[in-house]
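1. dropping the sequence and predicted coords here.
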Amino acid sequence: MENLKSLLDQRFFLLTRQGMKSLDFSRVILEDLGSCSNILTNIADNIVRKEGQLFKARGHVVDVSFLNNNSLYASVQLKKLRISCEYNHVDGNGGASVAHMYPSFVNRAGNANAPRNYTLEWNIPAGIKTYIVFHLRGGRRVTDNDDTNLRGYGADNAWLVCQIDGEDGQFMLPLPNLYDDGRICFGTPFVRKETIQECVENDLDSFYSTTWNSDLMTDEKKSKVKKLIRFKTSDNAQLPPVLPEVGMKGLLTTVGNTEFENFPFMTNLNQGGGRNG
């Protein structure tokens, strides 16, 4: 009883899972953080609410992260990519290797020697999770260019990001039309739609229908893509990647961006691909 009376005589105390604790402010340094209203508003503005499997777009499950600045991230895990571009052909070498082709991404326009153009679907290999992420702005009323009110949602950025099972961090496929931070050079303008679902569906359609070209292609990407994305010449069957000793991460590039932590597929406990489920 004396301990309880002594505790209740204190001006401040805490209730914890380990019991009731008193606060000794003689050993506590207080820092002035500003008004409570401003601090609480700042905390609220930085809260990210993640909703998994919110809806489907073109058969894909869409996860969404709602931000408190009238914007959101919508992510779709892709099972395949539609690679529409020119392909280089490699002849079989005495039976040691199969005749195959790989995307060259040569700009065909004005190039009489450019390889033939194909549209082939490349299934994402086992052990890789590949996501396309759209950043959308919008709501019931949207201000565009500070003077025009528009309805609905519209994307202003998109990323193509990979995770590798058993590896921490995020990665990027060795493809052109991708900036160093994983952003997609979309080519066609984003279109505003009435709903989030319509917006994501429209942007997915644009992503799948657009031809890839050599923009943002590098020598490093060229050396990797010919080992990663391969098809048999005889029947267009997909061939497995030729992996280096370090495994799949040797064919991809590590990529980092502070925005990634807010992407819907990222978890607070682990940001790496190996344990994100």
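-> Yep, it's here.

2. check contacts around Leu54.
-> By Cβ atoms under 8 Å, 6 or more residues apart in numbering, the contact list for Leu54 reads 62-64. Where you see a C-beta, it was placed from the backbone N, CA and C, and this is true even at glycine.

3. please read the previous query as pertaining to Lys227.
-> 241-244, 251.

4. show me where the stretch 1-150 of the chain has helices.
-> For the stretch 1-150 of the chain, the helices defined by DSSP state H, counting those that start in this stretch cover 2-8, 36-45.

5. comparing those helices by mean pLDDT, which bottoms out?
-> Mean pLDDT is lowest for helix 2-8 out of these, coming in at a mean of 53.

6. return the member of the contacts of Lys227 nearest to Lys226.
-> Relative to Lys226, the closest of these is Val242; by Cβ to Cβ it sits at 8.5 Å.

7. quick check: phi and psi at the residue nearest to that closest one when sequence neighbours are not counted.
-> Excluding its sequence neighbours, the residue lying closest to Val242 (Cβ to Cβ, 6 or more residues apart in numbering) is Lys227, at 4.2 Å. Dihedral pair for Lys227: phi -100, psi -20, per degrees, to the nearest 10.

8. cool, Tyr179 as well?
-> Taking degrees, to the nearest 10, you get phi -80, psi 170 for the backbone angles of Tyr179.

9. burial of it, as a residue count?
-> For Tyr179, the neighbour count with other Cβ atoms under 10 Å is 12.

10. what about it, distance to Met217?
-> 12 Å (Cβ to Cβ, to the nearest Å).

11. what do you get for Leu72?
-> Taking Cβ to Cβ, one finds Leu72 at 31 Å from Met217.

12. the two: which has the busier surroundings?
-> Leu72 (23 against 20).

13. bridged to that one, which residues?
-> Leu72 forms beta bridges with Phe66, Leu136, as assigned by DSSP bridges.

14. can you check the one 10 residues further on too?
-> As for beta bridges, Arg82 partners with Glu121 under DSSP bridges.

15. who are the neighbours in contact with it?
-> Arg82 makes contact with 119-122, 208-209 under the criterion Cβ under 8 Å, 6+ apart.

16. and these, which is closest to Glu261?
-> For those, the closest approach to Glu261 (Cβ to Cβ) belongs to Tyr208, at 27.5 Å.

17. and the closest one, which of the three is it?
-> Secondary structure assignment for Tyr208 (DSSP: H, G, I helix; E, B strand; the rest coil): helix.

18. that one and Lys221, how far apart?
-> The spacing between Tyr208 and Lys221, counted by Cβ to Cβ, is 21 Å.

19. between those two, who's got more neighbours?
-> Counted by other Cβ under 10 Å, Tyr208 and Lys221 do not tie: Lys221 has more neighbours, with 20 against 16.

20. doesn't that one fall inside a strand?
-> No - assignment of Lys221 by three-state DSSP gives helix, placing it outside any strand.
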